[in-house]
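**Q** Got a sequence here, can you model it:
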Amino acid sequence: MPELDRREFLKLAATLGAALAWGCTPLRPSTSGWRERRDLYPQGVASGDPDEHSVLLWTRRPYADGRTDARLRVEIAEDAAFTRVLATAMARVSAESDWTCRVLVADLQPAGEYWYRFVDADGNGSRIGRTLTAPRRDDPRPARFAFVSCQDICEGALNGYRRMIFEDERAAPAERIGFVLHLGDFVYEVVQYPEQVKDGHRYDRRITFPVKYPKGKKVAKDRFWVPDSLEDYRALYQGYLGNPDLQDARARWPFVAMWDNHEFSWQGWQSIQQFPGTDGLIPAQTLKVAANQVWFEYQPARVLPPGSSLDAFKAPHVIDTPVKAFDDNGLGTEPNNLAAIDSLIAYRSLRWGRHIDLILTDQHSFRSRDPGDREEINPLFEGDTLGFIPEELWKQVDAGRDYANGHPPATLSFGDKHVANYRAGEAAQTVLGARQKAWFLEQLRGATATWKIWGNSLGTPDWRVDPQHLPPALGKYPEGAGYATMSVGDWGSTYHERGEIYDAVRDAGITGFAIVSGDRHSFWAGYAAKDLPPAAFEPVGVTFVGGSLCSPGMAEANEHNIKADDPLRPLYLANAGGGPPQCNANLLLHHGVRAALEYARSGDLARAHAASNPELAPHLSFVDMGGHGYATVRVDADTMTTDFVCIPRPIERSASEDGGPLRYRVRHEVPLWRAGERPHMRQIVLEGDAQLSV
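**A** Numbers count the residues shown, from 1 in each chain. The predicted structure follows:
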């Protein structure tokens with residue numbers, strides 16, 4: 001490469017807080033004297049955010065002998081035996097950065113496969129990692145990646161990674177995964193200690209305690225502990241990265257990561273915390289900065305902390321200060337809030353050959369307050385037993401003054417209850433915030449790859465149900481209230497801003513628009529559409545949600561929380577033929593109340609499908625509220641193929657190399673469509689039984 005490029009990489013490495021390793025010739029055998037000592041590198045190795053000529057490498061080598069820093073040697077080779085070493089470099093680790101190490105390896109070949117390892121001054125070495133670089137921007141070959149989310153190791157096992165590794169090792173080289181897209185909840189900051197867990201179990205899961213906070217604080221009426229310091233967040237990541245299956249996955253593939261909520265705070269937004277059982281908004285600017293710093297220290301992500309040095313994250317000085325003033329987009333203008341949010345900007349894009357422009361957005365740092373999290377709305381639902389929110393009511397709450405092209409109603413109504421429309425003078429809810437949304441739409445309009453893939457932590461499909469079809473015996477739903485939403489809080493009920501994005505896709509004539517997301521602890525596949533019937537249904541893309549790797553989902557919670565004599569139980573659970581409970585919520589969301597009740601009564605899926613409401617969910621082709629595992633995506637010039645790989649409930653770590661059996665493998669094929677056309681999805685059950693999900 002020309003010298004200018006080397007200087008540019010030096011600058012880039014400095015902004016990323018990384019040492020620079022530069023490719024060299026001729027290739028030569030290792031002379032480091034490496035001998036593996038995994039115990040001295042307890043969190044393993046990792047790589048992340050590759051481009052066509054470089055990739056970030058990571059490890060952690062702590063010292064407990066009183067020193068404050070040390071030097072590690074990194075080696076990068078073309079073979080796992082390190083007989084063809086192409087680059088070496090020295091990198092500093094220090095107590096200041098919790099002994100973590102980031103190295104940017106440059107001057108690599110596109111679509112390359114490389115091995116790397118770290119060695120201390122005494123020859124004690126890390127495990128060996130494998131990584132990959134991106135193909136050239138014009139590389140026409142098919143591309144493949146996996147996406148995952150939600151790995152609460154305190155109450156589950158990461159058997160999904162075991163299955164992913166097992167299959168990838170046996171795949172033809174051209175069909176192997178190029179990178180793993182992690183869509184958040186890499187850690188869960190909400191933990192419990194033994195005395196907080198009755199009988200040591202939640203549901204059928206044995207709770208483990210791999211995380212103990214040096215400080216911590218109790219929340220939610222003393223039911224949980226959460227971090228209360230920088231060292232607490234560090235202890236959280238150290239505990240998670242001790243997991244052998246997570247370590248093996250990070251050692252095999254480069255990861256591309258985006259945080260969700262639990263990397264900072266359970267119900268947090270901007271730099272504000274909220275907890276059940278605690279009144280008010282809790283200013284947490286110091287913890288937001290700490291969470292950002294530790295994410296930077298432990299994730300090899302190509303992000304740019306403002307003003308940070310080569311060796312450590314430069315944390316801004318902030319003071320926990322109540323955030324009382326918000327701008328018109330819901331962003332708290334208090335200076336400490338802004339400084340905490342801006343301490344690390346994680347939204348970014350990645351190019352992978354000719355066929356993938358991946359655009360990642362942050363769904364929590366810039367979002368406005370949840371408009372339903374207000375006392376003013378509570379009187380509407382006093383005495384309600386169903387738990388459904390009318391779709392039109394929520395659209396009024398979500399859009400605020402922008403509802404009906406600037407004509408919001410003066411009152412909000414639910415049946416015979418009415419309250420003043422407290423949102424009539426306020427701007428529409430935003431998840432992205434003004435600055436990030438402008439960036440995102442610019443990236444989307446400028447994307448040139450075959451497939452424009454939006455990676456975000458929150459699912460986009462509507463949680464739509466039709467309680468207007470409920471028989472009176474199950475509860476009274478107000479006459480004329482129409483369709484409802486089962487859940488609010490993610491993109492599925494952020495109707496106004498989601499509609500803005502979909503309109504931008506339509507207006508720009510963008511094809512190959514696809515969304516991959518997580519957080520819902522369930523598998524969903526379908527279409528990205530602004531409206532559903534009786535409005536015009538005009539999808540502009542496709543959308544997928546991956547099941548959690550191990551965190552419990554709705555199906556499991558319902559099995560344990562809905563009593564046998566609850567009249568609403570048949571909407572959510574069915575015990576066909578007296579067997580184990582099945583997740584009837586899948587039918588409720590996909591086919592409607594009548595289909596769910598028919599299956600609960602007869603156990604006959606054909607009869608249930610015959611009772612389907614065709615207007616309810618044309619946006620869905622698949623939903624499994626009890627699914628765990630991961631998804632893979634393969635794209636080429638003609639087709640996007642997404643496979644859902646679902647494993648049994650991962651309560652305990654599988655003893656087998658393959659991670660255990662599969663529940664199902666379901667494929668969704670989407671041919672590329674032309675501007676002005678609708679996308680179409682074909683579904684194939686490749687293995688197992690998808691039961692009530694189709």
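
**Q** where do the helices sit along the chain?
**A** 3-15, 159-170, 230-240, 244-252, 285-298, 335-342, 391-399, 434-446, 495-507, 554-561, 569-572, 585-590, 593-602, 605-610 (DSSP state H).

**Q** and of those, who's closest to residue 682?
**A** Across the helices of the chain, residue 682 has its closest neighbour in helix 585-590 (16.8 Å, CB to CB). For every residue, glycine as well, the C-beta is placed using N, CA and C.

**Q** Can you list the helices and strands that the closest one packs against?
**A** Judged by 3 or more CB pairs under 8 Å, 6 or more residues apart in numbering; DSSP states H and E, helix 585-590 is in contact with strand 464-465, helix 554-561, helix 569-572, helix 593-602, strand 620-624.

**Q** which of the residues in the longest one are buried?
**A** Neighbour counts using 16 or more other CB atoms under 10 Å place 593-600 of helix 593-602 among the buried residues.

**Q** now the residues you listed in JSON lines, with distance to residue 362?
**A** JSON lines is the format used below for the buried residues of helix 593-602 (distance: CB to CB, whole Å):
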{"residue": "593", "distance to residue 362": "36"}
{"residue": "594", "distance to residue 362": "40"}
{"residue": "595", "distance to residue 362": "37"}
{"residue": "596", "distance to residue 362": "36"}
{"residue": "597", "distance to residue 362": "40"}
{"residue": "598", "distance to residue 362": "42"}
{"residue": "599", "distance to residue 362": "39"}
{"residue": "600", "distance to residue 362": "40"}
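
**Q** which residues touch residue 592?
**A** 465-466, 469, 611-613, 616-617 (CB atoms under 8 Å, 6 or more residues apart in numbering).

**Q** picking up where we left off before, so which of the helices and strands packed on helix 585-590 gets nearest residue 358?
**A** strand 620-624 (22.4 Å).

**Q** Which elements pack onto that closest one?
**A** Going by 3+ CB pairs under 8 Å, 6+ apart, strand 620-624 lies up against strand 523-528, helix 585-590, strand 639-647, strand 664-671.

**Q** most tightly surrounded among these?
**A** helix 585-590 (a mean of 28; mean count of other CB atoms under 10 Å).

**Q** Need the residues that contact that helix.
**A** Taking CB under 8 Å, 6+ apart as the rule, helix 585-590 contacts 463-465, 486, 554-555, 558, 571-573, 595-596, 599, 608, 612, 616-617, 620, 622-626, 691-694.

**Q** Tell me the spacing between the nearest residue to residue 624 once chain neighbours are set aside and residue 431.
**A** In space, and not counting its chain neighbours, residue 624 is closest to residue 693: 4.0 Å by CB to CB, 6 or more residues apart in numbering. As judged by CB to CB, to the nearest Å, residue 693 and residue 431 stand 27 Å apart.

**Q** Check residue 91 too.
**A** 37 Å.

**Q** Check residue 608 too.
**A** For residue 608 relative to residue 431 (CB to CB), the value is 34 Å.

**Q** Quick one, grab the pLDDT at the spatially most central residue of the chain.
**A** The centroid of the chain falls nearest to residue 183 when counting by CA atoms, centre = their mean (2.4 Å). pLDDT, residue 183: 98.

**Q** same thing with the one 10 residues further on?
**A** On the pLDDT scale, residue 193 is placed at 95.

**Q** so of the helices of the chain, which one's packed in deepest?
**A** helix 585-590 (a mean of 28).

**Q** Low-confidence bits of the stretch 251-400 of the chain, can you list those?
**A** 308-311 (pLDDT under 70).

**Q** Show me where it has its strands.
**A** 254-257, 272-273, 282-283, 348-352, 356-360, 389-390 (DSSP state E, counting those that start in this stretch).

**Q** Let's have those in a markdown table, adding distance to residue 450 and mean neighbour count.
**A** Shown next, in a markdown table, are those (distance: least, CB to CB, whole Å; neighbours: other CB atoms under 10 Å):
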| stretch | distance to residue 450 | mean neighbour count |
| --- | --- | --- |
| strand 254-257 | 19 | 24 |
| strand 272-273 | 40 | 22 |
| strand 282-283 | 45 | 20 |
| strand 348-352 | 11 | 20 |
| strand 356-360 | 8 | 23 |
| strand 389-390 | 38 | 24 |
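
**Q** Using CSV, lay out these together with distance to residue 21.
**A** Output for those, formatted as CSV (distance: least, CB to CB, whole Å):
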stretch, distance to residue 21
strand 254-257, 15
strand 272-273, 39
strand 282-283, 41
strand 348-352, 21
strand 356-360, 25
strand 389-390, 54
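
**Q** need the helix or strand of the protein with the lowest average pLDDT.
**A** helix 3-15 (a mean of 79; mean pLDDT, DSSP states H and E).

**Q** send the alpha carbons of it over as CSV?
**A** The C-alpha trace of helix 3-15 is given here as CSV (Å, rounded to 0.1, in the frame of the first residue of the first chain):
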residue,chain,number,x,y,z
GLU,A,3,2.8,5.4,2.5
LEU,A,4,-0.2,7.7,2.7
ASP,A,5,-2.4,4.8,3.4
ARG,A,6,-0.2,3.7,6.2
ARG,A,7,-0.3,7.2,7.8
GLU,A,8,-4.1,7.1,7.5
PHE,A,9,-4.2,3.8,9.2
LEU,A,10,-2.0,5.1,12.0
LYS,A,11,-4.5,8.0,12.5
LEU,A,12,-7.4,5.6,12.4
ALA,A,13,-5.8,3.2,14.9
ALA,A,14,-5.2,6.1,17.3
THR,A,15,-8.9,7.3,17.1
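
**Q** Does anything pack onto it? Which helices or strands?
**A** Contact here means 3+ CB pairs under 8 Å, 6+ apart; on that basis helix 3-15 packs against strand 19-22, strand 100-106.

**Q** do that again at 6 Å, thanks
**A** Using 3 or more CB pairs under 6 Å, 6 or more residues apart in numbering; DSSP states H and E as the contact test, the elements touching helix 3-15 are strand 19-22.
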